[in-house]
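Peer 1: Okay, here's the prediction I keep looking at, along with the sequence it came from:
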Amino acid sequence: MRYVRPSYYDAFRCAADACPSTCCEGWQIVIDAQSLKRYRDYTGDFGRRMQGCVSWEEGVFRQRDGRCAMLDDSGLCDLIREKGEEALCETCRQYPRHVEEFENVREYSLSLSCPVAARMILEETGPFSLLTEDTPEEECFEEGFDLLLYTRLADAREVLFALLQKRELPFEKRGEICLAFAGDLQECLEAGDYSGMDEEIRRMQEAAEKPGISGQTDLIRPAKDRWMRRSPGHKQRERERRLLCSLERLDPAWDDLMADERRFLSSCSGEEYRELRGAFLEKTGLDERLPEKLAVFFIYTYFCGAVYDDSIHGKVLLALFSADWILELLMARRYLYGEEPDGAAFVRMAYRWAREVEHSDENLLALEDYFWDLTHPGQ
């Protein structure tokens, strides 16, 4: 078995009562099957309370005013008070630690929705790196796991890490190259052409290892329009805002951010919007390493999951869409309220984004469906 984790993973320490947020609000807490069975067996007054606090059909804790229904008026967990910490479900016990499971591989990460973890992810000074540990045990994974595809995805992910961190290029250009690469891989996968995937990975790995990548016309081919997400204009941004407004709402305060974005878009013409957007990073001096690190985080956490749903391009698009929209929301607040964005503001917006989007499987699936429809019209 191989265990993988980012180099900063082991340094995580909970801020406890010094945390600017709480783990128990603003997201849907999924209960594992073993804990769910245990909770069903509780009796007496607490058993009746538990019955009202769990959505048994969905297997999640209910929310009241955006907070877990198990919290009392003082913000303490009734489950811990009544049954002790050992009664917590797997999600509550492990958060913000997260694991993705593949055959003979476990990949650990920290959730961006935790303020402390978000700072660690986005403020890390060195290049992104992974620690691996191999142990003798092996497992027989679920039938149908495509090990050949997984190994290619893992190789492609390393190339994406290298491309995203090539800082001699503007971040937007790096994103375009990554989308083109992911589009080529998607086409090969849909054609069942694994040898073609190998060739694309080899080609882009060679490109990533050389300086002056933007001039390597023999390696960086023009991307097909279907795979690209150019810098969004005024109309596209409004369409995306409406999409975000249609998602499952976890934090009521998210509506205020979406309302601010609507006000911002309404206050400028399409041409004015392009000028404001183009000047935003230059005028604010916001470090381009922040959206880079965010995109790398999303690629690490989600990209290899394409082995289960074949959505290679959608995983890359999710990473870049997330980084782009966090910048967009900061830009709206700058022009509406005069708030100058800095690293701390980016971190705060990132963990708010994660709590609203990443913490809902329904929302993640809605975004991936939207991306699929963009690149596969009529299918």
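Peer 2: Yep, that arrived.
Peer 1: So which residues of the stretch 1-150 of the chain form helices?
Peer 2: Ranges of helices in the stretch 1-150 of the chain, per DSSP state H, counting those that start in this stretch, are 33-40, 44-53, 78-83, 90-94, 115-123, 147-164.
Peer 1: So which of those helices is the most surrounded?
Peer 2: Comparing the helices of the stretch 1-150 of the chain by mean neighbour count (mean count of other C-beta atoms under 10 Å), helix 115-123 ranks first with a mean of 21. (C-beta placed from N, C-alpha, C; glycine too.)
Peer 1: For that helix, give me every contacting residue.
Peer 2: 6, 8, 11-15, 19-21, 96, 110-112, 290, 293-294, 297, 343, 346-348, 350-351, 354 (C-beta atoms under 8 Å, 6 or more residues apart in numbering).
Peer 1: Now that we have those residues, which of them are buried?
Peer 2: 6, 8, 21, 96, 110-112, 290, 293-294, 297, 346-348, 350-351, 354 (16 or more other C-beta atoms under 10 Å).
Peer 1: In strands only, show me the residues you listed.
Peer 2: Applying DSSP state E to the buried ones among the contacts of helix 115-123, the entries found in strands are 6, 110.
Peer 1: show me what contacts Pro341?
Peer 2: Contacts for Pro341 (C-beta under 8 Å, 6+ apart) come out as 284, 286, 330-331, 333-334.
Peer 1: Repeat that for Arg157.
Peer 2: Applying C-beta under 8 Å, 6+ apart, the residues near Arg157 are 299-300, 303-304.
Peer 1: Which pLDDT value goes with it?
Peer 2: Confidence at Arg157, expressed as pLDDT, is 99.
Peer 1: Could I get the CA-only coordinates of the helix or strand harbouring Glu187 as PDB?
Peer 2: Using DSSP states H and E, the element containing Glu187 is helix 171-190. Provided in PDB are the C-alpha atoms of helix 171-190 (Å, rounded to 0.1, in the frame of the first residue of the first chain):
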ATOM      1  CA  PHE A 171      -0.900  32.300 -14.300                       C
ATOM      2  CA  GLU A 172      -3.600  32.700 -16.900                       C
ATOM      3  CA  LYS A 173      -1.300  31.400 -19.600                       C
ATOM      4  CA  ARG A 174      -0.400  28.400 -17.400                       C
ATOM      5  CA  GLY A 175      -4.100  27.700 -17.000                       C
ATOM      6  CA  GLU A 176      -4.700  27.700 -20.700                       C
ATOM      7  CA  ILE A 177      -1.800  25.300 -21.300                       C
ATOM      8  CA  CYS A 178      -3.200  23.000 -18.600                       C
ATOM      9  CA  LEU A 179      -6.700  23.100 -20.100                       C
ATOM     10  CA  ALA A 180      -5.300  22.300 -23.600                       C
ATOM     11  CA  PHE A 181      -3.400  19.300 -22.100                       C
ATOM     12  CA  ALA A 182      -6.400  18.100 -20.200                       C
ATOM     13  CA  GLY A 183      -8.500  18.400 -23.400                       C
ATOM     14  CA  ASP A 184      -6.100  16.300 -25.400                       C
ATOM     15  CA  LEU A 185      -6.100  13.600 -22.700                       C
ATOM     16  CA  GLN A 186      -9.900  13.700 -22.600                       C
ATOM     17  CA  GLU A 187     -10.100  13.100 -26.300                       C
ATOM     18  CA  CYS A 188      -7.700  10.200 -26.100                       C
ATOM     19  CA  LEU A 189      -9.700   8.700 -23.200                       C
ATOM     20  CA  GLU A 190     -13.000   9.000 -25.000                       C
END
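Peer 1: what are the ranges of the helices in the stretch 151-300 of the chain?
Peer 2: 171-190, 194-208, 234-246, 254-266, 270-284, 289-302.
Peer 1: So which of those helices is the most surrounded?
Peer 2: Mean neighbours per residue, mean count of other C-beta under 10 Å, is largest over the helices of the stretch 151-300 of the chain for helix 289-302, with a mean of 23.
Peer 1: who's sitting farthest from the centroid in the protein?
Peer 2: Using C-alpha atoms, centre = their mean, the residue of the chain lying farthest from its centre is Gly44. It sits 40.6 Å away.
Peer 1: That residue and Lys83: what is the separation?
Peer 2: Computed with C-beta to C-beta, to the nearest Å, the distance linking Gly44 and Lys83 is 12 Å.
Peer 1: Please apply the same query to Gln34.
Peer 2: According to C-beta to C-beta, Gln34 stands 14 Å off from Lys83.
Peer 1: Spatially central, which residue of this structure would that be?
Peer 2: Centre-nearest of the chain using C-alpha atoms, centre = their mean is Phe298, 4.4 Å out.
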